[in-house]
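1. Starting from these lines, generate the structure:
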Amino acid sequence: MINKIINKFNRRFFTSCFMFLGLLSCVDNGYEEFVAPTGNVNNIQPNTLFTATTDADDDLSVVFRSYSTDAASYSWDFGDGNTSTEANPDYTYSTGGLYMVKLTTVSSDGLTAVDSSEVAPIYVDFDFTTIDSEVIFDNLSNGVSSLIWDFGDGVTVEWDVEDTEDDSDFNPVHIYATAETFEATLTATNFLGDEVSVSKNIEGLILSTVPDFTFEVSSFTVDFTDASLLAVSHSWDFGDDNSSTEVNPTHTFATSGTYNVTLTTTNEAGVSKSITKAVPVGGVEPTFKAIVLNGTADDHQTETGDNADAWDMTPNSTVVDDVLGTIDSPYRALWYNSELNGYIDETYCTDEQPGSSSDGSYVDGEKTRAVKLSSWCRRLYQVVAVEPGVEYTFTIDTRSEAEGINTEVFILNTEITTEVGIEDYADAYFTITNDFNSSKGSASDNTFTTNTFTFKPSSDKIVIYVRSLSAVDSSNEVFIDNIDIITPGF
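-> Residues are numbered from 1 along each chain as shown. You can find the predicted model right below:
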């Protein structure tokens, strides 16, 4: 009985299994084999970043450290033509300066990331040689934007990269007044504003005299002024078989020419040193006439503003002429001092150019044009070619409409970029205080006052520079006319 039941169960079980397998064989599976994705599925961009730190033992060496996500390769460009494929290179520049460094990384997915930054390696050092108490410094530094020399005796000298390495303050010469030991310090600033200092002891100085002198020439007579250090006796050789032992002698030469004058000084220890300078006497003969452009302010009258263009520190590129109409400015090619113009504009001046006025002086009964200063910040500015050493006569007509409105006239030996310390660049300076006349006047009553003074330029170009800081509006303005430079013999 039991066998019958088991046989019956087995037949039903196997029948069910065959039916289930047959059903499965009739169904399509409908899918592909799963393959894991590769590459940057979410398009997430890798980042790269690096730091640059100057090596503590070498200011020309920079330690680079990268902080990059998923970087499989590195490409460094150090900005001086050299490269590296290291992840974290240490690099030494051969010369200091300002360099743009770029790091390019490539991720495992082939994506690129870039970072860049400036570095400013610097080298600071100096040598020196001594001659008695005079020290000649040899600056070995590079990659510097500015310098401060501290000679250790309270004297400092500053240098800026705009001065160029030809400037004497880059390799200064310093004279010590005592024979002590001094610590000289050179502090250099790189192009990112970081400072590095080097100090050295100045030893073995021998106290010695340092001869020097200045001179003023008036025709054939020369006044000599001693400027020596540590001198107890003086010996002058004027170069014409004459001599003197005075401290500050005056000597008259017999003929014109240039004489080599030698001053020998001796200190308390009996050490002597000499210096020789060329001294021109008898006056310098000019070879050409100094030309003042539009000193009468009468040219280019079609538009009154153009009458003052010759006196603008930033002349217009074109001006308006009576006959020719608009023409290229004859002044723009000779000077264009935008730096000084910007300096004056920084003081909130509306216009540094002088104005043009019909209230000029009279010629043959007719009133001419003039320029005017109607604001404290207006200036007259013109560059004129001259010859050093020639004695010129400067003449100018002015009229101020209020008392106390003084006008300053500078003859500068260079183009300045700021009025700070302007007196240091003046070969001559004159203040006009005698030109007050509030009336408009007439042809028979010329209201302008003429002032003249002489000057000797120290360079081959001078700048006529005129200002009136008390002329603040139209009620106290200053009118200026007939500006000229008289050249002897022309």
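2. CA only for contacts and neighbour counts going forward, please
-> Noted.
3. So, low pLDDT: which residues of the stretch 251-400 of the chain?
-> Scanning the stretch 251-400 of the chain for pLDDT under 70 picks out the ranges 300-306, 321-324, 345-350, 362-365.
4. now the strands for it?
-> Along the stretch 251-400 of the chain, counting by DSSP state E, counting those that start in this stretch, strands occupy 257-266, 272-281, 318-321, 325-328, 355-357, 362-363, 366-367, 370-373, 379-385, 392-400.
5. Reformat these as CSV; add distance to Ile206 and mean neighbour count.
-> What follows is the strands of the stretch 251-400 of the chain, written out as CSV (distance: least, C-alpha to C-alpha, whole Å; neighbours: other C-alpha atoms under 10 Å):
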stretch, distance to Ile206, mean neighbour count
strand 257-266, 14, 19
strand 272-281, 13, 17
strand 318-321, 63, 19
strand 325-328, 63, 13
strand 355-357, 61, 23
strand 362-363, 69, 14
strand 366-367, 71, 13
strand 370-373, 58, 29
strand 379-385, 47, 23
strand 392-400, 46, 22
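6. Tell me where this structure has helices.
-> Applying DSSP state H to the chain gives helices spanning 2-25, 338-345.
7. between the ones you listed, which gets the lowest average pLDDT?
-> Mean pLDDT per stretch puts helix 2-25 lowest among the helices of the chain, at a mean of 47.
8. which residues touch the residue nearest in space to the middle of the chain?
-> Per C-alpha atoms, centre = their mean, the C-alpha nearest to the average position across the chain is that of Glu162, at 4.6 Å. For Glu162, the contact set (C-alpha atoms under 8 Å, 6 or more residues apart in numbering) is empty.
9. I'd like the distance between it and Tyr343.
-> Remark: distance between Glu162 and Tyr343 (C-alpha to C-alpha, to the nearest Å) = 18 Å.
10. Also His251?
-> Distance, His251 to Tyr343, by C-alpha to C-alpha: 45 Å.
11. again, but for Ser357
-> In this structure, Ser357 and Tyr343 are 26 Å apart, going by C-alpha to C-alpha.
12. Also Val284?
-> 36 Å.
13. follow-up on the earlier one: got JSON lines for the strands of the stretch 251-400 of the chain, with distance to Thr450 too?
-> Output for those, formatted as JSON lines (distance: least, C-alpha to C-alpha, whole Å):
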{"stretch": "strand 257-266", "distance to Thr450": "35"}
{"stretch": "strand 272-281", "distance to Thr450": "31"}
{"stretch": "strand 318-321", "distance to Thr450": "28"}
{"stretch": "strand 325-328", "distance to Thr450": "32"}
{"stretch": "strand 355-357", "distance to Thr450": "18"}
{"stretch": "strand 362-363", "distance to Thr450": "13"}
{"stretch": "strand 366-367", "distance to Thr450": "16"}
{"stretch": "strand 370-373", "distance to Thr450": "14"}
{"stretch": "strand 379-385", "distance to Thr450": "17"}
{"stretch": "strand 392-400", "distance to Thr450": "4"}
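14. so which of those gets nearest Tyr429?
-> Nearest to Tyr429, of all the strands of the stretch 251-400 of the chain, is strand 392-400, at 10.8 Å by C-alpha to C-alpha.
15. ok, now which ones touch Glu268?
-> Applying C-alpha under 8 Å, 6+ apart, we find Glu268 in contact with 230-232.
16. Can you tell me how far it is from Val232?
-> Relative to Val232, and taking C-alpha to C-alpha, Glu268 is found at 6 Å.
17. The residue lying closest to Tyr336 once chain neighbours are set aside: neighbouring residues, count only.
-> Closest residue to Tyr336 in three dimensions, ignoring its sequence neighbours and counting by C-alpha to C-alpha, 6 or more residues apart in numbering: Thr314, at 4.7 Å. Using other C-alpha atoms under 10 Å, Thr314 has 21 neighbouring residues.
18. List the contacts of the nearest residue to Ser375 once chain neighbours are set aside.
-> Leaving aside its chain neighbours, Ser375 sits nearest to Val472 (4.2 Å; criterion: C-alpha to C-alpha, 6+ apart). Contacts for Val472 (C-alpha under 8 Å, 6+ apart) come out as 374-376.
19. isn't Ser107 right up against Tyr74?
-> No: between Ser107 and Tyr74 there is no contact under C-alpha atoms under 8 Å: 9.3 Å.
20. the strands in the stretch 51-200 of the chain, which residues?
-> 58-66, 71-77, 83-84, 90-92, 99-107, 112-119, 126-131, 134-139, 146-150, 156-160, 173-175, 182-189, 195-202.
21. I'd assumed Thr487 was in contact with Thr395.
-> No: applying C-alpha under 8 Å as the test, Thr395 and Thr487 come out as separate, 11.3 Å apart.
22. List the buried residues of stretch 88-108.
-> 88, 90-93, 96-99, 101-107 (16 or more other C-alpha atoms under 10 Å).
23. Just give the nearest non-adjacent residue to Ala52, would you?
-> Spatial nearest neighbour of Ala52, excluding adjacent residues (C-alpha to C-alpha, 6+ apart): Phe64 at 4.7 Å.
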